[in-house]
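Asker: Have a look; sequence and predicted model below, questions after that.
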Amino acid sequence: MALLAVACGTRLSDESFQQAPEGPVGTAPAGAGVTNPASDVGVSPTQVTVGLIVSKTSPLGPETFAPPSYGAQAYFDELNRSGGVAGRMVKVVVCDDGATGAGNLRCVRQLIDDDKVFAFAGNSIFAYAGAKYVADAAVPDVGGQPISSVYDQYQHLYSIYGSTAPRDGTVGWDGTLYGGTEVQRWFKDNLGARTAAVVAYNQSDSLRFADLTTRALELEGYTVVREQVDFGVPNMDAAVIDMRSKGVDVVFDAIDATGNVTLCKSMDANGFTAKAKVTSVQSWNQAVGRDYASSPACRRSLFATATALNYADTSVPEIARFRDGMHTAFPDRDGLLSMWELEGWASAQWLTDAMQSCGAELTRTCVEAFLNRPDLYDGHGLLTPRNFVVTDDPTAPSHDCLSVAQWSDDADDGKGGWVSRTPVGGFDCFDVPNVPYRAD
């Protein structure tokens with residue numbers, strides 16, 4: 001489920017945040033008198049082929065998983081207009097897997113075996129059944145929006161969030177992953193929230209994420225109210241009335257975007273307004289103004305969190321560059337912009353920085369040396385610093401950072417938009433405990 005696409009903390013020490021390199025090192029662009037070799041699979045003297053798999057044709061709708069793919073394509077379009085990678089143009093081959101495991105295996109095999117892609121970027125996949133095939137073929141994949149835990153399982157797969165897990169074929173550490181409590185800490189410290197509700201479906205994935213959220217809230221000292229609704233016919237009214245009677249002041253959830261809209265309608269209908277209705281990075285998008293039109297009170301209480309800068313903060317040069325690139329490539333998506341598109345853009349940028357570091361001798365080995373280096377990567381300021389260095393003790397407290405935004409009906413000259421509640425161009429950081437959770 002898309003609701004499980006959570007952006008965990010960076011799990012790094014305080015000292016690590018004192019150095020965050022801005023981009024590629026060792027760049028050696030091809031130029032006068034230099035001829036690029038056909039140095040690896042998918043690499044010719046003039047072109048490098050990149051694959052992109054998207055679960056666009058999905059029962060959950062074309063916008064549920066597609067946004068990262070648009071961000072990645074927009075980045076590569078801009079890159080090609082500025083000369084490509086060391087003189088090579090980037091050819092992007094897109095495959096829609098239909099949000100099925102069989103479709104995903106078909107796309108993976110087609111792109112690797114037939115199209116001979118050099119790497120993947122911007123993938124946003126509902127069921128990544130072909131992940132092991134990608135790993136066995138040693139094809140680098142910088143994921144645009146990891147939906148499942150496979151990016152914490154296999155070598156050669158690189159989550160946009162970074163990872164400190166061994167990635168030795170088993171998810172996390174013997175099937176256990178860890179997430180920090182920075183999100184819960186932020187609402188406690190900044191809004192004075194003390195009683196939290198966690199709304200979930202009676203469905204295994206939803207309940208598992210709700211359990212993680214509950215444990216994080218309890219570690220931060222909240223009183224927690226659990227609300228479970230039927231996945232097929234959710235009775236939101238009963239949950240909302242119970243939350244109102246128990247004095248809930250912040251609402252978290254483990255439900256999808258459609259469920260969140262229904263929940264907000266019920267909150268308005270029953271006269272219940274919390275200090276914050278916290279939604280996921282999936283719902284941090286421009287469509288909120290339209291989707292929540294019938295629940296304006298709840299809409300004004302919507303908050304979202306991420307480990308990337310707010311896509312609406314155009315005063316930040318890198319955000320302005322992203323917005324310009326998106327408008328040039330996909331002008332019809334101005335009203336559909338989202339954080340997922342920004343993360344897709346960042347995944348293409350990370351792969352590009354790795355490719356640029358190789359100069360004319362572009363190889364997968366060189367790209368992965370860049371991705372696996374201990375230096376922190378911050379996407380030219382777009383992301384909290386991250387890398388793929390395995391931690392010795394995943395249970396230890398970590399220094400985690402996040403961005404937070406709230407929907408405002410008055411933003412963007414009255415059209416509505418997301419207003420940052422963390423420093424514009426920066427993040428809020430906390431030293432927090434880590435909560436273990438199972439991936440299965």
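Answerer: Great, that's in hand. In this text, all values refer to a predicted model and were calculated from it rather than measured experimentally.
Asker: Which parts of the stretch 201-350 of the chain are strands?
Answerer: Assigned by DSSP state E, counting those that start in this stretch, the strands in the stretch 201-350 of the chain fall at 223-229, 250-254, 276-279, 302-306.
Asker: Of all these, which one comes closest to Phe76?
Answerer: strand 302-306 (22.4 Å; C-beta to C-beta). In this view, the C-beta of every residue, glycine as well, is placed from N, C-alpha and C.
Asker: Extract the C-alpha trace of that closest one and format it as PDB.
Answerer: Output of strand 302-306 as PDB, limited to C-alpha atoms (Å, rounded to 0.1, in the frame of the first residue of the first chain):
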ATOM      1  CA  LEU A 302      -3.600  19.300   7.400                       C
ATOM      2  CA  PHE A 303       0.200  18.900   8.100                       C
ATOM      3  CA  ALA A 304       2.600  16.800   6.100                       C
ATOM      4  CA  THR A 305       6.200  15.700   6.900                       C
ATOM      5  CA  ALA A 306       9.100  14.700   4.700                       C
END
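Asker: Let's have the strands of the stretch 201-350 of the chain in TSV, adding mean neighbour count.
Answerer: Below are these laid out as TSV (neighbours: other C-beta atoms under 10 Å):
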stretch	mean neighbour count
strand 223-229	18
strand 250-254	26
strand 276-279	25
strand 302-306	24
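Asker: Would you reformat the ones you listed as JSON lines and include mean pLDDT and distance to Thr384?
Answerer: Listed next are the strands of the stretch 201-350 of the chain as JSON lines, based on pLDDT from 0 to 100; distance: least, C-beta to C-beta, whole Å:
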{"stretch": "strand 223-229", "mean pLDDT": "97", "distance to Thr384": "27"}
{"stretch": "strand 250-254", "mean pLDDT": "95", "distance to Thr384": "21"}
{"stretch": "strand 276-279", "mean pLDDT": "95", "distance to Thr384": "18"}
{"stretch": "strand 302-306", "mean pLDDT": "96", "distance to Thr384": "9"}
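Asker: could those be laid out in TSV, adding distance to Gln184?
Answerer: Below are the strands of the stretch 201-350 of the chain laid out as TSV (distance: least, C-beta to C-beta, whole Å):
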stretch	distance to Gln184
strand 223-229	10
strand 250-254	8
strand 276-279	9
strand 302-306	10
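Asker: Looking at these, which is nearest to Cys264?
Answerer: strand 276-279 (6.5 Å).
Asker: And the contacts of that closest one?
Answerer: For strand 276-279, contacts defined as C-beta atoms under 8 Å, 6 or more residues apart in numbering pick out 183, 187, 191, 193, 249-253, 260, 263-264, 267, 298, 301-305, 406.
Asker: All the helices of the chain, in order from the start?
Answerer: Counting by DSSP state H, the chain has helices at residues 67-81, 101-109, 131-136, 182-191, 204-219, 236-245, 257-269, 288-291, 296-300, 317-329, 339-356, 364-371.
Asker: Check which residues of the last one are buried.
Answerer: Right, helix 364-371. Arg364, Cys366, Val367, Glu368, Phe370, Leu371 (16 or more other C-beta atoms under 10 Å).
Asker: Contacts only, for the first one.
Answerer: The one in question is Arg364. Here Arg364 is in contact with Asp40, Val41, Phe118, Ala119, Ala138, Val139, Pro140 (C-beta under 8 Å, 6+ apart).
Asker: circling back: Val92: which of the strands of the stretch 201-350 of the chain is closest?
Answerer: strand 302-306 (24.6 Å).
Asker: Could you list every helix and strand in contact with that closest one?
Answerer: helix 182-191, strand 276-279, strand 398-408 (3 or more C-beta pairs under 8 Å, 6 or more residues apart in numbering; DSSP states H and E).
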